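Q: sequence below, structure please.
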Amino acid sequence: MQVLNKSMTNPKERPIKVLQFGEGGFLRAFVDYMIDVANEKGVFDGNIVIVKPIEFGNLDFFHEQDCQYTLSMRGKENNEAKVVNRVITSVADAVAAIEEYDRYMEYAKLDTLRFVVSNTTEAGIVFDAGDKFESNPPKTFPGKLTKFLYARYQHFNGALDKGLIMLPVELIDNNGPALKKCVFQFIDLWDLGDDFKQWVLDACIFGSTLVDRIVTGYPRDDAEKMWEELGYRDNLLDTSELFALWVIEMEKDFSGEFPLDKAGLPVIFTDDQKPYKQRKVRILNGAHTSFVLASYLAGNDIVLESMNDETVRKFMMTTIFDEVIPTLTLPEKELKDFANAVIERFENPYVKHALLSISLNSVSKWRARCLPSLKGYVEKTGKLPRNLTFSISALLAFYTGTEIRDGALIGHRGEEEYKIMDDADVLEFFAANSTKPAEEWVPAFLSNEKFFGEDLTKIEGLCDSVIEGLKLIQAKGMRSALETMVND
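A: Modelled structure (predicted):
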């Protein structure tokens, strides 16, 4: 079977406009896909160079396939399963920053280059005072970027029209400003001069982004079958859900240079991404956190099973539409449309999202994702949100155990053991308290300011309601307790 390459795709030659730090599945299924569509629609005429920024891995498949690959987007749309396959031709080259340092740095001199995209994991945007300018390249991603920008600044003699626009997609708050701060720290550490610093300030832009797409990556179990259907071998085959969203917050308006939204793509340019992040965290992530622990104890193992479970589904729908959406600031229709899209994503038959994997660090997740909705509901209505309150009881029931083994608290679902994964101090708290009477355990948990940043027993009626919910679970089991919640 022939391996996918340019002789099969005949891609149009385009100027290279984007340098991309990271060759992983997410960027290829998200950024590279969107640029490919924008190229096809005639709104963005530019290709991408992928940079492998670390020693691990190689680019052999990229070179073998001339950087051509297939993205298979699979999901549910309008209540029907749907698969969309697209050959991505927007990547023109792939270079290893370490093994091919000189070739990588040549791209700093490229006249057409305008954007830098990165996904170097949450730990990638860091300042390390031990990083060396003399290293080829520096160790950290911000260090690499600073040296790359300095080479460009020198080559073009500080020309203001040769600055770059940075679009980090690492999953940290305010990723653009965080990257910018690191770059300026390296400029000072390496004494690169005030003129260069001013050039970065005047000529470069650091956008802050919010990204949303589940990327399931290389389909190891299905690859051979998919190759047969496609008619060629593709060792870079990537898979994702259908849904995508890219919110780009700009310190200076560059939307005209990067008009992906004009191609009908789900890209939003804004001067404030906070409402969109709040929507995602409280509806998408908050829904997960509010129902997965209860669903697991009720006998389900994956999200799709939960959506097919009438009781769990009803609990989740009520939580989102009656308790979370009323606390948010975006227009109601926009919020409901997003919520309905979230539900279709949960129903994706191609994604087997394990509830136990979502359960990791549920205490801090509940604080970040659910507590703001609970407090907002109380503030707006003067009442406790019934389901969000019960989700605390479900968390306590899930975190019940006394034995810590191999860094996990051991819980039990019937005769079956499961691992509760969280920070050590969280696990130690539950190991010491989870077998105490609810009247002791619940207030000890809710008043723990290390967990919540405040004493939640001060919220009127919360402690008594959580005790009542926990006792209901302990007496009747999670399945019966959930049925009571949704049918009362």
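Q: and the helices in the stretch 1-150 of the chain?
A: Using DSSP state H, counting those that start in this stretch, the helices of the stretch 1-150 of the chain run over residues 6-9, 25-29, 31-41, 60-64, 101-106, 141-155.
Q: ditto for the stretch 301-450 of the chain
A: With DSSP H, counting those that start in this stretch as the criterion, the stretch 301-450 of the chain has helices at 303-307, 310-318, 332-346, 355-358, 362-369, 371-381, 386-398, 424-433, 438-446, 449-452.
Q: just those: most buried one?
A: Across the helices of the stretch 301-450 of the chain, averaging neighbours per residue (mean count of other CB atoms under 10 Å) puts helix 386-398 on top, at a mean of 25. Just so you know, the C-beta spots here come from the backbone N, C-alpha and C atoms, and that holds for glycine as well.
Q: what helices or strands is it leaning on?
A: Packing partners of helix 386-398 (3 or more CB pairs under 8 Å, 6 or more residues apart in numbering; DSSP states H and E): helix 286-297, helix 362-369, helix 371-381, helix 438-446, helix 462-476, helix 478-487.
Q: of all the helices of the stretch 301-450 of the chain, which one is nearest residue 242?
A: helix 332-346 (8.3 Å; CB to CB).
Q: now do the closest one: distance to the chain's middle.
A: Distance of helix 332-346 from the chain centroid (CA atoms, centre = their mean, to the nearest Å) equals 17 Å.
Q: what's the angle between that helix and helix 286-297?
A: In terms of direction (axes from the mean of the first three to the mean of the last three CA atoms, to 10 degrees), helix 332-346 departs from helix 286-297 by 40 degrees.
Q: list of residues touching helix 332-346?
A: 75-77, 79, 214, 241, 243, 279, 283-284, 287, 303-304, 306-307, 317, 320-321, 325, 328 (CB atoms under 8 Å, 6 or more residues apart in numbering).
Q: try it again with 7 Å
A: 75-77, 241, 243, 279, 283-284, 287, 303, 307, 320-321, 325, 328 (CB atoms under 7 Å, 6 or more residues apart in numbering).
Q: so it versus helix 310-318, what angle?
A: 150 degrees.
Q: name only those of the contacts of helix 332-346 that count as buried.
A: Burial by neighbour count, judged by 16 or more other CB atoms under 10 Å, picks out 75-76, 241, 243, 279, 283-284, 287, 303, 307, 320-321, 325, 328 from the contacts of helix 332-346.
Q: dump those to CSV, plus pLDDT.
A: Converted to CSV, those look like this (pLDDT from 0 to 100):
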residue, pLDDT
75, 96
76, 94
241, 97
243, 97
279, 96
283, 97
284, 95
287, 93
303, 97
307, 97
320, 98
321, 98
325, 98
328, 96
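Q: tabulate those in JSON lines, adding columns for distance to residue 398.
A: Converted to JSON lines, the buried ones among the contacts of helix 332-346 look like this (distance: CB to CB, whole Å):
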{"residue": "75", "distance to residue 398": "28"}
{"residue": "76", "distance to residue 398": "28"}
{"residue": "241", "distance to residue 398": "26"}
{"residue": "243", "distance to residue 398": "28"}
{"residue": "279", "distance to residue 398": "26"}
{"residue": "283", "distance to residue 398": "22"}
{"residue": "284", "distance to residue 398": "20"}
{"residue": "287", "distance to residue 398": "16"}
{"residue": "303", "distance to residue 398": "16"}
{"residue": "307", "distance to residue 398": "19"}
{"residue": "320", "distance to residue 398": "20"}
{"residue": "321", "distance to residue 398": "24"}
{"residue": "325", "distance to residue 398": "25"}
{"residue": "328", "distance to residue 398": "27"}
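Q: kindly indicate which of these lies nearest residue 198.
A: Nearest to residue 198 among the buried ones among the contacts of helix 332-346: residue 279, at 37.3 Å, using CB to CB.
Q: wait, isn't the closest one in contact with residue 328?
A: Yes: between residue 279 and residue 328 there is a contact under CB atoms under 7 Å: 6.1 Å.
Q: before we move on, back to that, strands - which of the contacts of helix 332-346 land there?
A: Among the contacts of helix 332-346, DSSP state E puts 75-77 in strands.
Q: and the residue lying closest to residue 300 once chain neighbours are set aside, how far from residue 315?
A: Nearest non-adjacent residue to residue 300, counting by CB to CB, 6 or more residues apart in numbering: residue 306, 4.9 Å away. Using CB to CB, to the nearest Å, we find residue 306 at a distance of 9 Å from residue 315.
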